[in-house]
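Enquirer: Have a look at this prediction, sequence included:
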Amino acid sequence: MALAFQTPLTALADEVDVLVLGAGGAGYPGAFFLARAGLSVLMVDPIGNLGGDCLAEGCVPSKAVREAALVRSLADKFEGFGLHGSKPAADWRAVLAHKDRVQNTRYAQHAREIAEGGVAFVQGRGVIVAPDRARIDASDGSGSREVRFAHLILGTGSAPARLPILGADLALTSHDLFRLGADLPLPRHLVIIGGGYIGVETASMLQALGAECTVLEYAPQLLPGFDAELASFLHASLSQRVRIELSSQVLSIAREGSGYYVRYKQSGGELGMSGDAVLMATGRVPVLPEGVEHLGLTLERGHVGVDDTLRTSNPRVWAPGDVNGRSMLFHSAVRQSLVAAHCIAAGGQAVDRMPFHAVPMTVFTEPELAHVGQTAAQAEAALGAGSVAVARYDYAEDSRAQIYGETQGFIKLVFNRSDARLLGAQIAGMDAAQLIAPLALAMEQGLGAQALADCVFPHPMLSEGINKAARSFRP
């Protein structure tokens, strides 16, 4: 992708206050803040625009496809509203074209932001050559240039992980499905390895567009690490449309005619499954720049160790976003980028800290899930038995859920009994991804049951359930 506002290598300064490697959520918010604060900033990114993998092949394009699936699936609910008509056909190529339009719209928007942001920007890669120097290699082959930096923001993100199994390279990843210009046909039967959020989101949306999907998950529940009730809720709903095999250890992938054969172990025995495509949805691994060893960073299971200011063991290096592995979400990376920038602008002082405990997590399946903070079990393990109260609101009681016929969901609020402070929240069902936002704000601000009960939410909307759950709190 050509970038109209790229800074020529010959125009770069020999020294900069801040070098930012990566222009995704971990890079550009902090870069623009520091430039406005008067520091000299150079940002380098291989894609050549803002947004990182989120825009290139992740959250934005996948949700564009997901919304197409949701619109189509509304026809399944026509009868309940007294409506009649045929279900629209899914034109996969047209859905991908819609996705591309959204991506290109945002890239054009971001190009304007770069032009106005006050940073030097190079499409290319940064190679660390010394503790305070990097070589910038331009993607267009125009050459290289060494730059000295006072501070380094390491926002190089992550990439899809692959299991160390025979035939792993035969599987697709989210990159192949959602990249700009993706041209894969809609699978007839997609075998998805991994029941985390990428796996279940993909299964949910592609099934709604006409694909048959099977999820193979190693753990005994979908979404390992999630609140057990959230995971069970999704399993009960998704299993009506998607085949789900839990406690399944995938052993290998092999070609089989024009498709693929996946071998897996379950309950001690070996089984197999055929499909015309296989998706590897087994998480993401950090991407670190060449020469990172010159920085002397502490690595923890491949991730860069940071404190809550996003500072690493090297006082001149800051590592927000996926590279530190603490909260691998775009919206979290944005806040982390700004925390690092605030501290850099203050001369390295810890003037801001990342509220990792208050970062919301959303799963864009149909139905949706969302959570923030601790589950009741986690809170009790930390504070002691009997120290936690759970307030609950069931969608079956809600007027909006009744109108839409979406009455199977729930809102759970986890409170500290001693001071009524909100410790966590879990939501399952319609609008969960929207509903979690005010609860994340409450977590970040240290609010409790009284504040949530007093806030006036609009009627008839599901957010009223937050009021009602909070009003039911009893110490």
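Expert: In hand now; what should we look at?
Enquirer: use CA for all of it now, contacts and neighbours both
Expert: Noted.
Enquirer: Toward the C-terminus from the helix or strand encompassing residue 229, list the very next helix or strand.
Expert: Per DSSP states H and E: residue 229 is located in helix 228-238. Going down the chain from helix 228-238, the next helix or strand is strand 243-245, by DSSP H and E.
Enquirer: Could you list the paired strands of that next one along with their orientation?
Expert: Here strand 243-245 has these sheet partners by DSSP bridges: strand 212-216 (parallel).
Enquirer: List the buried residues of the helix holding residue 229.
Expert: 230, 231, 233, 234, 235, 238 (16 or more other C-alpha atoms under 10 Å).
Enquirer: From residue 439, how far out is the fifth one?
Expert: Going back to what we said before, that points to residue 235. 24 Å (C-alpha to C-alpha, to the nearest Å).
Enquirer: cool, and the second one?
Expert: Separation of residue 231 from residue 439 (C-alpha to C-alpha): 20 Å.
Enquirer: State the number of residues packed around residue 116.
Expert: 11 (other C-alpha atoms under 10 Å).
Enquirer: and if you look at residue 344?
Expert: 27.
Enquirer: Likewise for residue 85?
Expert: Neighbours of residue 85 under the rule other C-alpha under 10 Å: 9.
Enquirer: ok, of the buried residues of helix 228-238, which one's closest to residue 75?
Expert: Of all the buried residues of helix 228-238, residue 75 sits closest to residue 238, with 17.7 Å by C-alpha to C-alpha.
Enquirer: OK, contacts around the closest residue to the closest one other than its chain neighbours?
Expert: The shortest distance from residue 238 to any non-neighbouring residue, by C-alpha to C-alpha, 6 or more residues apart in numbering, is to residue 204 (7.1 Å). Applying C-alpha atoms under 8 Å, 6 or more residues apart in numbering to residue 204 gives the contacts 238, 242, 365, 366.
Enquirer: try it again with 10 Å
Expert: Counting by C-alpha atoms under 10 Å, 6 or more residues apart in numbering, residue 204 touches 66, 69-70, 211, 213, 238-239, 241-242, 364-367.
Enquirer: Do you have the helices of the protein handy? List them.
Expert: Taking DSSP state H as the criterion, the chain contains helices spanning 28-36, 52-57, 59-73, 92-116, 174-178, 197-208, 228-238, 330-345, 376-383, 399-404, 432-445, 449-454, 464-471.
Enquirer: could you dump these to a markdown table with distance to residue 264?
Expert: Below are the helices of the chain laid out as a markdown table (distance: least, C-alpha to C-alpha, whole Å):
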| stretch | distance to residue 264 |
| --- | --- |
| helix 28-36 | 42 |
| helix 52-57 | 28 |
| helix 59-73 | 27 |
| helix 92-116 | 30 |
| helix 174-178 | 21 |
| helix 197-208 | 17 |
| helix 228-238 | 20 |
| helix 330-345 | 32 |
| helix 376-383 | 32 |
| helix 399-404 | 40 |
| helix 432-445 | 33 |
| helix 449-454 | 47 |
| helix 464-471 | 43 |
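Enquirer: Tabulate the ones you listed (CSV), appending distance to residue 419 and mean pLDDT.
Expert: Below are the helices of the chain laid out as CSV (distance: least, C-alpha to C-alpha, whole Å; pLDDT from 0 to 100):
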stretch, distance to residue 419, mean pLDDT
helix 28-36, 36, 98
helix 52-57, 39, 93
helix 59-73, 37, 94
helix 92-116, 44, 95
helix 174-178, 44, 95
helix 197-208, 33, 98
helix 228-238, 25, 97
helix 330-345, 27, 98
helix 376-383, 12, 96
helix 399-404, 31, 95
helix 432-445, 14, 97
helix 449-454, 9, 97
helix 464-471, 13, 96
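Enquirer: Of those, which is nearest residue 249?
Expert: Residue 249 lies closest to helix 197-208 among the helices of the chain, at 15.2 Å (C-alpha to C-alpha).
Enquirer: Tell me how far that closest one lies from the chain's centre.
Expert: Relative to its chain's centre, helix 197-208 lies at 14 Å (C-alpha atoms, centre = their mean, to the nearest Å).
Enquirer: and if you look at stretch 180-200?
Expert: Centroid separation for stretch 180-200 versus its chain: 16 Å, with C-alpha atoms, centre = their mean.
Enquirer: Could you do stretch 262-272 as well?
Expert: So, by C-alpha atoms, centre = their mean, the centroid of stretch 262-272 is 30 Å from its chain's centroid.
Enquirer: cool, and stretch 403-412?
Expert: Chain-centre distance of stretch 403-412: 24 Å, with C-alpha atoms, centre = their mean.
Enquirer: For it, list every residue counted as buried.
Expert: Using 16+ other C-alpha under 10 Å as the test for burial, stretch 403-412 gives 407, 408, 409, 410, 411, 412.
Enquirer: wait, isn't the third one in contact with residue 366?
Expert: Translated: residue 409. No - counting by C-alpha atoms under 10 Å, residue 409 does not reach residue 366; the two are 11.5 Å apart.
Enquirer: Quick check: neighbours shared by the two?
Expert: Common neighbours of residue 409 and residue 366, using C-alpha under 10 Å, 6+ apart, are 234, 429, 430.
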